[in-house]
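In: Curious how this folds, go ahead:
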Amino acid sequence: MGWSPHRPTGLTFRDPARAAGGYTLITPPGDESYLLDELGRAVHRWRYATVLPGYAQLLPNGNLLTRGVDRSLPPPQRPAFDAPHPPFPEHVRRFGGSASHLVELDWDGNVAWQYENPLLHHDFLRLANGNTLVALWAEMSPEVELAVEGGLARRPGEVLPPMAGDDIAEIDLAGNEVWRSSLWKLLDPVADPICPLESRWAWTWLNGIGLTETGDVLFSSRSNSRVGIVSRATGALLWKWGEPSVYHQHSPFGLPGGNVLLFDNGDHRRAGLPRSRVVEVDPDTNEIAWRYEGEPPESFFSANVSNAEPLSNGNVLVCEGASGRVFEVNRDGAICWEWVSPFQGTVAGRASVTLFRAHRYRADYPGLTGRALDAARHRQLNERYGLG
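Out: All right, here's what the predicted structure looks like:
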């Protein structure tokens, strides 16, 4: 999506009668996460001392769980195309969404728990039993790497690093692994090829983890446009869906009744201009049960990042991540609330307003019970960024 540098930011629209209300969590480029009220004002903030944050979730105990990169690590450098690459796993640090730590902060910003792993990337999910599902880059067997089809052709003299696959692991609070599933063993290197416009540095590029209502694991694989369900009990692949219905999608969310909500980024479509959608698909039939599109369709687009999640009143919260736009839409396609990020940081050496995701929490969410949520306490911050 293109936009004017003079566009309004902060709260740009609100329909109190149709909006769900509650508090919205964002982590813009920089070193802070913010909780916004329904008027788009910051009512709480978390600062990070040890990591550069990429994405955060608010837990039911009021703590914040964040994916981040150790500040002491040197910035990753991409070598010349004909230069040697560092061995696995060092080279995956150059991939977008890569991290080194999961850090859990209490309400006051103190570290309550952390997990360190250089293979961490993109997504995580705290489970009801206290364990955490994490996305991990994985070294594939040479046989599978050679069998994977698709991707950009190698340029003359180009040196490719080892192709990365993806694993989903469950870790306990002591950091012990208690469950693992390898997507590169479940998907088919021929039937699930890399998009022809994507590099061959990684095959599946796991960008989203979720749970079905029965407790099985949802996944979204960007580079080959696949969404699926993995059995927690057996590790078997229960469902697989994707291109040409969706392209480079993100953030699968399991709904009551079994349907799956996701953000269809729509980049590298086979036909027509790139455009994004939010879709709800029925895994039993592979039919799309509901969708939201822009009007005109090209007015809604984020080539990467982004998410969509259901709200308590039936609306859907949408993060059009590349533009930093967060909005709430009802099932009739009407926008009921919209907020545009004024926070600009640096991503990959360039100015960016990117939001990986946004999450909405009801006013009665357990993690907010008894917490001080006061825009007046953050008056200077709100005035500085025009948040009201």
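In: Tell me where this protein has helices.
Out: Defined through DSSP state H, the helices belonging to the chain, from first to last, are 142-147, 183-186, 379-384.
In: Comparing these, which comes out most buried?
Out: Ranked by mean neighbour count, those are led by helix 183-186 with a mean of 20 (mean count of other CB atoms under 10 Å). C-betas here are computed from N, CA, C, even on glycine.
In: Show me how far it is from its chain's centre.
Out: Offset of helix 183-186 from its chain centre (CA atoms, centre = their mean, to the nearest Å): 20 Å.
In: What mean pLDDT does it get?
Out: Confidence over helix 183-186 (mean pLDDT, whole number) is 98.
In: and if you look at stretch 107-120?
Out: Confidence over stretch 107-120 (mean pLDDT, whole number) is 97.
In: Which positions in that stretch come out as buried?
Out: By neighbour count, with 16 or more other CB atoms under 10 Å as the criterion, the buried positions of stretch 107-120 are 107, 114, 115, 117, 118, 119, 120.
In: Also stretch 225-241?
Out: The neighbour-count check on stretch 225-241 (16+ other CB under 10 Å) flags 225, 226, 227, 228, 229, 230, 231, 232, 237, 239, 240, 241 as buried.
In: Let's see that stretch as CSV, backbone CA atoms only.
Out: Below are the C-alpha coordinates for stretch 225-241, written out as CSV (Å, rounded to 0.1, in the frame of the first residue of the first chain):
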residue,chain,number,x,y,z
SER,A,225,1.9,-20.2,0.5
ARG,A,226,0.7,-23.1,2.7
VAL,A,227,-1.5,-23.2,5.8
GLY,A,228,-1.9,-26.4,7.7
ILE,A,229,-2.8,-28.3,10.9
VAL,A,230,-0.4,-30.7,12.7
SER,A,231,-1.8,-33.2,15.3
ARG,A,232,-0.4,-32.6,18.8
ALA,A,233,-1.1,-36.3,19.6
THR,A,234,0.6,-38.0,16.6
GLY,A,235,2.6,-35.3,14.8
ALA,A,236,0.7,-36.1,11.5
LEU,A,237,-0.3,-33.5,9.0
LEU,A,238,-4.1,-33.2,9.3
TRP,A,239,-4.8,-30.5,6.7
LYS,A,240,-3.0,-28.4,4.1
TRP,A,241,-4.3,-25.5,2.0
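In: from the buried residues of stretch 107-120, which is closest to residue 274?
Out: The closest of the buried residues of stretch 107-120 to residue 274 turns out to be residue 120 (CB to CB; 29.1 Å).
In: Can you name the residues that contact that closest one?
Out: 67, 98, 99, 100, 101, 102, 134, 135, 136 (CB atoms under 8 Å, 6 or more residues apart in numbering).
In: I'd like the residues you listed as TSV, with neighbour count and distance to residue 76 appended.
Out: TSV is the format used below for the contacts of residue 120 (neighbours: other CB atoms under 10 Å; distance: CB to CB, whole Å):
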residue	neighbour count	distance to residue 76
67	26	16
98	20	8
99	27	12
100	22	11
101	21	15
102	22	19
134	24	20
135	28	18
136	23	17
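In: nearest spatial neighbour of residue 134, skipping sequence neighbours?
Out: Excluding its sequence neighbours, the residue lying closest to residue 134 (CB to CB, 6 or more residues apart in numbering) is residue 124, at 4.9 Å.
In: And the pLDDT at the one you found?
Out: At residue 124 the predicted local distance difference test score is 98.
In: right, and it touches residue 132 too?
Out: Yes - the pair residue 124 and residue 132 qualifies as a contact (CB atoms under 8 Å) at a distance of 5.8 Å.
In: Overlap in contacts, those two.
Out: Residues touching both residue 124 and residue 132 by CB under 8 Å, 6+ apart: 65, 102.
In: quick revisit: now distance to residue 307 too, for the helices of the chain, in CSV please.
Out: As requested, those are exported to CSV (distance: least, CB to CB, whole Å):
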stretch, distance to residue 307
helix 142-147, 29
helix 183-186, 20
helix 379-384, 24
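In: Out of those helices, the one nearest residue 302 is which?
Out: helix 183-186 (23.4 Å).
In: I'd like to know which of the buried residues of stretch 107-120 is nearest to residue 170.
Out: Distance to residue 170 across these (CB to CB) is lowest for residue 115, with 11.7 Å.
In: Next, the buried residues of the worst-scoring helix or strand of the chain on mean pLDDT.
Out: Of all helical and strand segments in the chain, the minimum by mean pLDDT, DSSP states H and E falls on strand 345-347, at a mean of 83. Within strand 345-347, the residues that qualify as buried by neighbour count (16+ other CB under 10 Å) are residue 345.
In: mind listing which of the buried residues of stretch 107-120 are in strands?
Out: With strands taken from DSSP state E, the overlap with these comprises 114, 115, 120.
In: So what pairs up with the last one in the strands?
Out: Meaning residue 120. Residue 120 forms beta bridges with residue 136, as assigned by DSSP bridges.
In: The first one too?
Out: On the basis of DSSP bridges, residue 114 is bridged to residue 103.
In: Surely it and residue 100 touch.
Out: No - at 10.2 Å, residue 114 and residue 100 do not qualify as touching, with contact defined as CB under 8 Å.
In: Quickly list what's touching both of these two.
Out: The contact sets of residue 114 and residue 100 do not overlap (CB under 8 Å, 6+ apart).
In: Surely residue 119 and residue 136 touch.
Out: Yes - here residue 119 reaches residue 136: they are 4.3 Å apart, a contact under CB under 8 Å.
In: Residue 195: what's it in contact with?
Out: Residue 195 sits in contact with 150, 151, 223, 224, 225, 247, 248, 268, where contact means CB under 8 Å, 6+ apart.
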